[in-house]
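Novice: Test case, fold it:
(2 chains)
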2 protein chains.
Amino acid sequence: MTNFIRTDIDFAYELDAQDELASFRNEFVIDDPNLIYLDGNSLGRLPKRTADFMRCAVEEEWGKRLIRVWNEGWIDTPTELGAKIAKLVGAQADEILVTEATSINLFKLAVAALRARPDRPKIVSDVFNFPSDLYIMQGIIDLLGHRHRLELIPSADTVTIAPSAVAEAIDDDTALVTLSHVVFKSAFMYNMAAVTKQAHQSGALTLWDLSHSAGAVPIDLNGAGADLAVGCTYKYLNGGPGSPAFLYVRKDLQTQLSQPMWGWFAAQNPFAFDLDYTPAADISRYRVGTPPMLSMKAVEPAIDILLEAGMDRLRAKSLRQTEYLIFLADRWLVPLGFTIGTPRQASLRGSHVSIRHPEGYRINRALIEAEPPDVKVIPDFREPDNIRLGIAPLYNTFAEIHRAVDRLRVIVEEEIYQKYSVERLAVT
Amino acid sequence: MTNFIRTDIDFAYELDAQDELASFRNEFVIDDPNLIYLDGNSLGRLPKRTADFMRCAVEEEWGKRLIRVWNEGWIDTPTELGAKIAKLVGAQADEILVTEATSINLFKLAVAALRARPDRPKIVSDVFNFPSDLYIMQGIIDLLGHRHRLELIPSADTVTIAPSAVAEAIDDDTALVTLSHVVFKSAFMYNMAAVTKQAHQSGALTLWDLSHSAGAVPIDLNGAGADLAVGCTYKYLNGGPGSPAFLYVRKDLQTQLSQPMWGWFAAQNPFAFDLDYTPAADISRYRVGTPPMLSMKAVEPAIDILLEAGMDRLRAKSLRQTEYLIFLADRWLVPLGFTIGTPRQASLRGSHVSIRHPEGYRINRALIEAEPPDVKVIPDFREPDNIRLGIAPLYNTFAEIHRAVDRLRVIVEEEIYQKYSVERLAVT
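Specialist: Predicted coordinates:
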């Protein structure tokens, strides 16, 4: 833990001046310097090069090359993007595929895993997992005739899961351990290698959801011996609203397992138009249908930026920024009734900081909507009281963090949040 | 059948001059008037308004509104687009959803249907169905433990399916009848109402694939009593490469059936983040994960154009154009060894014309690649010998049809195709 002492804005400027990644902020469209965007953990900012790239993709490629774009490279985009993401998450180039939504990929890989462990009835997850991940497991259990059960590892508190609780849950009945590497609420991060080892010792497979860790923390899927993983590209990877997710299947498992949606793009030769399905003998077996190419194309320039910055440098900056945020929050926000809902230990923390307050929803609305003279802050909110402040080290500055925490203090001290309704918007 | 007599290009110009939909061609980006695009049945052209719309979606909405876009309307795009497509296919506004790929939607709805008919082991399809549709059924049969079997209605010839063969296949063992309304190879079109009636008389559900009929022919899902349907938006709907597909679930079936991928967007309240899944009580139950919004947004302006033109007028023009094409092909191409692989009877025909020739693949390559002084034609090819000439009445002209058939004649007469390889490209 870095020891911060000064709470003045000049110190934040000094930290920014020392930041070797500072120039990456110029890679993004930032039209309003007084809009402090701390929601890169929900939807990353638009890279400038993506804007240009998409004009070309729409107007030149679709518009003028028409159907020919497929043979001019687009047919390989899902695997080429996968090869780039592989560098971010410690996988081989041919172990990752960009395809569909995270929940769909979870469905495919969880079904594949359960069918590979037919005599084991238990799926282990935890109470911090993203609800969609749990819903997908519940749907699979229903689909497969309630032969499986879902056991959720309890939490130690509102922030963390104890390693002993994980060890206790995994046993010889366990077919699959499926967890978020970094959990969406508290940013608690699992030790992927340790959990994977426990799972393997019991004969279970692991399925990691990297949505809140890809692009946020260094990941070493191969080093951890991970079996299966999925992840999101629209958060820290800046791929655009709802951009296609990715999936990872360890090389030796690719032909051992079988996913249940036998769409034509999963076939060995889609354009042979055979009446009987023959699965591809590589990662393409985990594809299904025609990919949504405009959303897919937008992912490419965004990942290049992350690769240029490098995950180790990004992680170092992210940790320094989340620590700085916690330092300021301890001084300014905790006295106002906030609690820190994120691990203080760096090795257990992803790249956002949750701060919790009974009036969290209205405070969050006020941050986004109140018209102050000089600053707006966009975090997001998770029920029941959790304001998530996402740190995207590619574009967030220390000064932004200082201004955001200061703004939070003002909103609570001056009770600005009182004029907002507790009624929820469609998307919080 | 219209009686055409003249084969001269001036007659084509006369037909274009009489075309009340001619001005819709100006809605599309057409940079090269000598590129004759007859592949709108695979990938529709780019509407000009889509180019502008996408600049705004990327640069203004994602770029500047960031996460706020969801509450500023994007969260409702899948159902709003569904309501527009409903007008094209004879459904209620709340019976259609734009989501995922066609194959994924087929998986969801076929599983839902089979689970609603648990004692019936048979799925009926036909030998003309798109292979991905058959693969999806094969995958489901495998997933559900081989309790079902897939029976394929045989064809009467290379072009059509006889109504008697349909009637023979559907029996009291049949859970599901799943067919392409217009089949991809020959453009043969089923009588949706008649087949649905037969299925219902046997107690089976119907699942129609509208990929080659939506935007190409008038469809009346409600009038036909159809249960379930899926369809593609990147062909005649001009939604862009791999744009998300749509699905239809008849209102009264929406809560009776259950699809197996319980992603958070299928839940009653995704942002409550409950740990247990409660399905939405409407069409949203058939969603799964976060939609790929850039690809999704591109669908909207394209559908507006179709609604402005009107399906009845589009169908009238399409039929006149396919008849004109067949008229010219009979005179110029049949003597060169081509056969017509599409029904001559208008009521049995979708909006493309298949012409078959033993050298079809090389002829197709020559149409696209040979450098003539003044014309290139882009159709597509389907194994083993099938050149598909897609008619998109929104932008194809009679003169284009004349020039394309004339070009085909030249390529075969002058044996231009001989210098092309039979080796297949990745995408044919």
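Novice: residues touching the residue in the stretch 101-250 of chain A positioned nearest to chain B, list them.
Specialist: Nearest to chain B, among the residues of the stretch 101-250 of chain A, is A:Ala101, at 2.8 Å (CB to the nearest CB). C-beta coordinates here come from the backbone N, C-alpha and C atoms, glycine included. Listed by CB atoms under 8 Å, 6 or more residues apart in numbering or on different chains, the contact set of A:Ala101 reads A:Gly242, A:Pro244, A:Ala245, B:Glu100, B:Gly263, B:Val288, B:Gly289, B:Thr290, B:Pro291, B:Pro292.
Novice: ok, so what distance separates the spatially closest residue to it that is not a sequence neighbour from B:Ala266?
Specialist: Excluding its sequence neighbours, the residue lying closest to A:Ala101 (CB to CB, 6 or more residues apart in numbering or on different chains) is B:Gly289, at 2.8 Å. Distance from B:Gly289 to B:Ala266, counting by CB to CB, to the nearest Å: 9 Å.
Novice: Also A:Tyr190?
Specialist: Computed as CB to CB, the A:Tyr190 to B:Ala266 distance reads 27 Å.
Novice: ok so, going back, burial check on the residue nearest to A:Ala101, number of neighbours?
Specialist: Neighbours of B:Gly289 under the rule other CB atoms under 10 Å in any protein chain shown: 26.
Novice: hang on, it packs against B:Gly263?
Specialist: Yes. With contact defined as CB atoms under 8 Å, B:Gly289 reaches B:Gly263; the gap is 4.5 Å.
Novice: anything in contact with each of the two?
Specialist: A:Ala101, A:Ser103, A:Ile104, A:Ser132.
Novice: just checking, next helix/strand downstream of the helix ranked longest in chain A?
Specialist: If you go by DSSP state H, chain A has its longest helix at helix A:311-332. Note on helix A:311-332: by DSSP states H and E, the next helix or strand toward the C-terminus is strand A:339-340.
Novice: next helix or strand past the helix or strand containing A:Asn105?
Specialist: Element membership for A:Asn105, per DSSP H and E: helix A:102-116. As assigned by DSSP H and E, the chain's next helix or strand after helix A:102-116 is strand A:122-126.
Novice: helices and strands around that following strand, which ones?
Specialist: Packing contacts for strand A:122-126, counted by 3 or more CB pairs under 8 Å, 6 or more residues apart in numbering or on different chains; DSSP states H and E, involve helix A:131-143, strand A:149-153, strand A:174-180.
Novice: Quick check: A:Ser125 touching A:Leu179?
Specialist: Yes. With contact defined as CB under 8 Å, A:Ser125 reaches A:Leu179; the gap is 6.1 Å.
Novice: of A:Tyr190 and B:Ala266, who's got more company?
Specialist: B:Ala266 (27 against 23).
Novice: you'd agree the more buried one is up against B:Thr278?
Specialist: No. With contacts counted by CB under 8 Å, B:Ala266 stays clear of B:Thr278, the gap being 9.8 Å.
Novice: Can you name the residue of the stretch 301-428 of chain A nearest to chain B?
Specialist: A:Val427 (4.0 Å).
Novice: Please list all residues in contact with A:Ala169.
Specialist: Applying CB under 8 Å, 6+ apart, the residues contacting A:Ala169 are A:Val124, A:Glu151, A:Ile153.
Novice: Swap in 10 Å and give it another go.
Specialist: A:Lys122, A:Val124, A:Ser125, A:Asp126, A:Glu151, A:Leu152, A:Ile153, A:Pro154, A:Ile161, A:Val177, A:Gln198, A:Ser202 (CB atoms under 10 Å, 6 or more residues apart in numbering or on different chains).
Novice: tell me the mean pLDDT for the longest helix of chain A?
Specialist: Averaging pLDDT along helix A:311-332 gives 98.
Novice: Can you work out which other helices and strands pack against it?
Specialist: On a contact count with 3 or more CB pairs under 10 Å, 6 or more residues apart in numbering or on different chains; DSSP states H and E, helix A:311-332 meets helix A:9-18, helix A:77-89, strand A:339-340, strand A:352-356, strand A:386-390, helix A:398-413.
Novice: and the residue in the stretch 251-400 of chain A that chain B sits nearest to, what pLDDT?
Specialist: Residue of the stretch 251-400 of chain A nearest chain B, by CB to the nearest CB: A:Gly289 (2.8 Å). On the pLDDT scale, A:Gly289 is placed at 96.
Novice: For it, which three-state class applies?
Specialist: coil (DSSP: H, G, I helix; E, B strand; the rest coil).
Novice: My guess is it contacts B:Thr102. True?
Specialist: Yes. Taking CB atoms under 10 Å as the definition, A:Gly289 is a contact partner of B:Thr102 at 5.8 Å.
Novice: and for those two, which residues touch both?
Specialist: Shared contacts of A:Gly289 and B:Thr102 (CB under 10 Å, 6+ apart): A:Gly263, A:Trp264, B:Ser132, B:Ile136, B:Cys232, B:Pro244, B:Ala245.
Novice: Just want the angle from the helix holding A:Asn105 to helix B:102-116.
Specialist: Inter-element angle recorded for helix A:102-116 and helix B:102-116: 60 degrees (by axes from the mean of the first three to the mean of the last three CA atoms, to 10 degrees).
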